[in-house]
Structure formats: structure tokens, C-alpha cells
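1. Any chance you can model this:
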Amino acid sequence: MTTDESRLAESLEQLSDVAAEAGLDPAAARDEGLRVAAALAESVPGAAPAWAEVAHPGLTDIARINEAFFDAASSGRRWRGAPTDLLEALVASRHALAAEYAEALTEVASSAVMLGTAPIWVIANASAASGAYLAAARLPSQRVPTFPGGDSGADRRLHVGLPGMGLGSPDTMRPTIAGPIDPRLLDLVLPGQPAAPGDPAGLPDPGATATAAPPDPPAEPAKPAEPEKSVEELLAELDAMIGLERVKKEIHRQVALLTVEKMRTQAGLKAPKMSRHLIFVGNPGTGKTTVARLVGGIYKALGLLPTGQLVEVDRSELVAGYVGQTAMKTAEVCAKATGGVLFIDEAYALTGDQYAQEAVNTLVKEMEDHREDLVVIVAGYPDPMVGFIAQNPGLASRFTTTIEFDDYSDDELLAILDSIAGGSDYELTDDARTRVRHQLEATPRTPAFGNGRFSRNVFEHAVGRHAWRLKDATEPTRDDLRLLTADDFTDQPDGPAEAPADAPADAPADAPVTADAPPQDPAELRADPDGPAGTDEAVSDEHGEQAEPDDTSANEHEDTA
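-> Below you'll find the predicted structure:
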């Protein structure tokens, strides 16, 4: 056992001794300390084997070591910025040893970040956790734990002066992680209690140069929070979406089930626990992301989720490059989504290798640990999703509701196009609408078909041609600027087109297609090099992979702009 491992073992023994003296179970205190250590050292390279030397002596299987380490880290992660359960119990009972137990926890935190080469933001996390423990116990000493770099009060002052480690500021290297608690902030908890000599909150050392701290900038007025939407308002948004009739019916059914379940509970009746996790199956561009966002809002309005935010990820954001880190990466994503909805796109990509299996196993555990405040929605093509769910019994038992997203019909895609155009102050002429309908009839509905994204691509290409058509206009009218004609939905050749041999001599070579012209056969349209084939090829190029695009329906055209 190395020196650092011995230090962790000693700090855990000290924690157990204080717990025994306070009438607590020493084994429970040791387990709590091990979970704190794992949570704080979770991102330290090489920490897992060193931690296992103390937690599970003799364990050599790396897979089992990683599993035990990350399980402990997952369960102790909530104590990075809050007092532990046993500390809270001591504080609540006003026990005389609460302060001593908090000090013992800070020693565990200090030892944990020495189980390897800890980045500065990991040390900051440990400092923040220690500050939370000391603040909870209301320690008069306001002592800051010693971390790598020195043991003296002067060295502790040096830590406070490090970028991202002092004054409770965010870590400049990890902006999303709060910095440590400045000991001087404990005065807000303990008004009138002096700082201990030699601590950063006390007087400066002799010879130190005093500098005036710059005044804090005036706080900006907080923006008024947007009013929260009711269930009825959110369901109205869902009903206003184009198409998706089966989806709307199933979401309404889910809302009815959950509403009645809640009313039965409030009435003191037993209510069967319904799984809130969902499977969305369908081709790209059918509005799955938009519906998932609405589901989060509906669950929040029903009081089933505290925040209702949507966190959208795919395999790349869950799987790391080597075994052990995937569990940590997946757990961090789940922690970010806790309180709302975790939406995993192309979930079937989490199959076929040990990294994917590690991510799925971690996901199942997180779903169980946070079953009251986390909803997971997995999405993808219908057939591969069957294999994804079948790979783990835990998935099959938790995902019991599947919602199918049908492809949009031609009329629905044309309505989506009108909605996108109207949202940008454009309007299609009748000729343009006829031209687009011919394109839709000639476009095969392969798995790569973009559905709602197809309509957006058609609109964006038309806007580009419209701008090119008006490039030489000196005084265009309002209608010129807003109307999209049939020409804007047809690729034009680079040079002047030659008139057909049987065309009248005075007919312009680039005469637009009109509604009076006889409609062409869809097969001829697809063969026309200047017709919709160009648009279809552009869409296929963008959606040729098996990836499902994000925001896809007309109702989310602002998100995809």
C-alpha cells in the first residue's frame, strides 16, 4: 500500500472512530467515507485501483475494480457540495461531535484527491465539498483542509489565491464546476465568530502587502422568468403540430394515466407505478425531438419532474475511449439530465461492444437511482431499436411504452413548407406549390428521407434561388421580395437554355412552368436534370447517413434555422 493509500486508510479509520464515539455505526461511516472519496477522485487518472486497495484489499480484476469504484462514486456524487447523511444526522441532533465528524470528512476529501495526479478542478471540488461539511457543522475554526502543495496556513492561503480556487469563483478551467467556498463566506453562517489564527480569513502574515479589493460591479437586474405553461397549454402545442396523429393520441393517453395515478395517490388509494420512460421509433425528421421536449414540460406541469429540461445526447456523448471512463461519462450526462428528460438519439448505437454495454449498464443503474426525477426517452429507426432494448433485461422492464412516428404525407410536407415559409415572411405561389407537389410525388421514401427536414431544405434552396433571381433588381416590390415562384423551386442551368425545336419563335427559352401546363409524369420529373432531382440529391447528400436529424417538424423551424 502506497503512502497516499495509507493516508486514505488512516482518514477513514479516524472517521470510523469519531462515528463510534458519537454512537453511529463505524461500518456505515467508513462506507460513507469511501463513497465521498470515490466521488471526489472520480476523474483522477489511476484513482480506481488505489481506492480499491483500501476499499477492497486483494481485489485484482480491473473490471470489478472499476465497477465498484464508479458505483461508489455514483452514490456519493451528491455529497460533493452537500453534507453527508451521517453528518446531517449529527447536526440535526446537535451532537457535540458533529464538528469533529465534519473535520474527519475533510481529511477523507484531502486524501481522496491524492490517489493519483489530480487536475486543479478536482482539487477545487474537494475544497468545495470540505467547505460544505464545515459549514454544515458550523465549525468556529473555519479551517480549510490541506491539499497537495503544503500543510501550513501560508500554503492554504496560496490555494485560495490560485485561479479558479478562491473566493468561491467558478473554475476557469471547468466553467461548469463551481469553485471552492471561501472560508470568509462562513461568516455569513457564523456571524461574529472570529477566524482561527493563520487561516486565510484571519489577519495577514507580518510583512504581507495589503491590497484593496476592487468593488463588486453592480448586479444586473434579473430577467423576469417566463411563465410556466400548464398541461393544457402544452397539449395544445402538441395538437397544433402538423400530422403525428398516432403520437398525439398516445401522449394524451399517457397524460391521462399519470394524472389519474396522481389523483389516486392524493386520495390515499394505491396506484400502480407506471413506467414514465418512452421509446420513440420512426424515420428522421418526424418531430421526435420536439415531442420529447414537450413531454418534459408536461411531466413538470404534472409535478412528476422538478425541472423538465431536455438533455439530448447520442453515443459520442455517453461512450469514452477506454473501459472505466464510459461509466463516469454516462453518469455525468445522467446527472445533468436529472430533474428532466434525457433524450438519447440513435440509441441502437449503444450495442455491439464492451463500451456500449458499459454505458447501458450505467444507464440502467442511473434510471433506478433516479427513478423519481429522471425520464429517459430513447429514439431511432424501428428495427434496430428492437435489438437495443433486447440486449439488457433492465431496459426491457423499464421501457414499456413505444410511440411510433409515421412519415409525413405529401400534403403534410407541403403544409410544413408553408409554415416554414410563413414564419420567415415568404409565401409560395400556386405555381410553386404545384411544382413542389410534383417533386414530392417523385421522391422515394427511403430510410434516409428527411421528412420535415426535406421541407426545410427545399425552402432554403428556394430562398437562395429567389435571391439570385432578384440580384439585379433595382426597385423590387414587396411581392417580389416575399413571393416564391415555381422558378425558385427548380435548378436553373448555368448558361442560357436553348428553346425546344417545336417552341414558338417568340417564346422565351426560360419560360416558367405554370399551372396551365400539363403536369409531367413523376418519373419524367426525376429524370429532368433541371427538375427536382437536383433538390432530391441535395437532400440525400445531407441525410444519406443513418443519423436522425435534430429538430424536424414545422413546429421547430426556428430551432433548425
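2. Surely N392 touches E358?
-> No. Contact criterion C-beta atoms under 8 Å: N392 and E358 do not qualify, at 11.4 Å. (Glycine included, C-beta is placed from N, CA and C.)
3. When these two are compared, which one has more neighbours?
-> E358 (26 against 17; other C-beta atoms under 10 Å).
4. quick one: the more buried one and V333, what's the gap?
-> In this view, E358 and V333 are 13 Å apart by C-beta to C-beta, to the nearest Å.
5. Likewise for Y299?
-> 19 Å.
6. Between these two, which has more neighbouring residues?
-> The neighbour comparison of Y299 against V333 (other C-beta under 10 Å) goes to Y299, with 23 against 20.
7. Let me know the pLDDT of that one.
-> Per-residue confidence (pLDDT) for Y299: 90.
8. State the distance from it to V364.
-> 20 Å.
9. How about K329?
-> 15 Å.
10. Looking at those two now, which is surrounded by more residues?
-> With neighbours defined as other C-beta under 10 Å, K329 and V364 compare such that K329 has more, 20 against 17.
11. Contact partners for that one?
-> Residues in contact with K329 (C-beta atoms under 8 Å, 6 or more residues apart in numbering) are 317-320, 359.
12. so what's the backbone phi/psi at the residue nearest in space to the middle of the chain?
-> In the chain, the residue lying closest to the centroid (C-alpha atoms, centre = their mean) is V311, at 2.8 Å. When quoted as degrees, to the nearest 10, the phi and psi of V311 stand at phi -110, psi 110.
13. I'd say it and A335 touch.
-> No. Counting by C-beta under 8 Å, A335 is not a contact partner of V311; they are 9.9 Å apart.
14. what sits in contact with each of those two?
-> With C-beta under 8 Å, 6+ apart as the test, V311 and A335 reach no residue in common.
15. Leaving out chain neighbours, which residue sits closest to Y355?
-> Spatially, and ignoring its direct neighbours in sequence, Y355 is nearest to V319 (4.7 Å; C-beta to C-beta, 6 or more residues apart in numbering).
16. Just say helix, strand or coil for the one you found.
-> Following DSSP: H, G, I helix; E, B strand; the rest coil, we place V319 in the coil state.
17. Run through the residues that contact it.
-> Per C-beta under 8 Å, 6+ apart, neighbours of V319: 326, 329-330, 350, 355-356, 358-359.
18. What's the first helix or strand after the helix or strand T265 falls within?
-> Of the helices and strands defined by DSSP states H and E, T265 is found in helix 245-266. Using DSSP H and E, the next helix or strand after helix 245-266 towards the C-terminus is strand 278-282.
19. Partner strands of that next one and their direction?
-> strand 375-380 (parallel), strand 401-405 (parallel) (DSSP bridges).
20. that's a strand at V122, yeah?
-> No. V122 sits outside any strand when classified using three-state DSSP, being helix.
21. From E358, how far out is it?
-> 22 Å.
22. What sits closest to A292 if chain neighbours are left out?
-> Per C-beta to C-beta, 6+ apart, closest to A292 is F343, 4.5 Å.
23. Checking my notes, that neighbour in a strand, right?
-> Yes. Counting by three-state DSSP, F343 is part of a strand.
24. Who is it paired with across the strands?
-> Beta-bridge partners, per DSSP bridges, of F343: E312, I377.
25. my guess is it meets E317, correct?
-> No. Using C-beta under 8 Å, F343 is not in contact with E317, being 11.2 Å away.
26. between the two, who's got more neighbours?
-> The neighbour count for F343 versus E317, taken as other C-beta under 10 Å, is higher for F343 (26 against 16).
27. Quick one: residues contacting the more buried one.
-> Counting by C-beta under 8 Å, 6+ apart, F343 has contacts 289, 292, 310-313, 377, 379.
28. Would you point out the most distant pair within those residues?
-> The distance between the two most remote of the contacts of F343 (C-beta to C-beta) is 13.4 Å, for V311 and A379.
29. Could you check how far S130 is from T106?
-> Taking C-beta to C-beta, one finds S130 at 4 Å from T106.
30. Next: Y133.
-> Counting by C-beta to C-beta - Y133 and T106 are separated by 6 Å.
31. What ranges in the stretch 251-400 of the chain fall below the confidence cut-off?
-> 323 (pLDDT under 70).
32. er, the chain I mean
-> 1, 4, 118-121, 139-226, 323, 492-561.
33. Please state the offset of stretch 68-84 from the chain centre?
-> Distance of stretch 68-84 from its chain centroid, counting by C-alpha atoms, centre = their mean, to the nearest Å, is 20 Å.
34. ok, now stretch 296-304?
-> Distance, centroid of stretch 296-304 to centroid of chain: 17 Å (C-alpha atoms, centre = their mean).
35. How about the contacts made by the closest residue to Q309 other than its chain neighbours?
-> In space, and not counting its chain neighbours, Q309 is closest to G340: 3.7 Å by C-beta to C-beta, 6+ apart. Contacts for G340 (C-beta under 8 Å, 6+ apart) come out as 296, 300, 305, 307-311, 374-375.
36. repeat that for 6 Å
-> 296, 305, 307-309 (C-beta atoms under 6 Å, 6 or more residues apart in numbering).
37. Rebuild the residues you listed as a markdown table, extending it with neighbour count.
-> As requested, the contacts of G340 are exported to a markdown table (neighbours: other C-beta atoms under 10 Å):
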| residue | neighbour count |
| --- | --- |
| G296 | 24 |
| L305 | 23 |
| T307 | 13 |
| G308 | 23 |
| Q309 | 17 |
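38. Please identify which of these is nearest to P447.
-> G296 (27.3 Å).
39. what's the distance between that closest one and A415?
-> 26 Å.
40. Check L318 too.
-> 36 Å.
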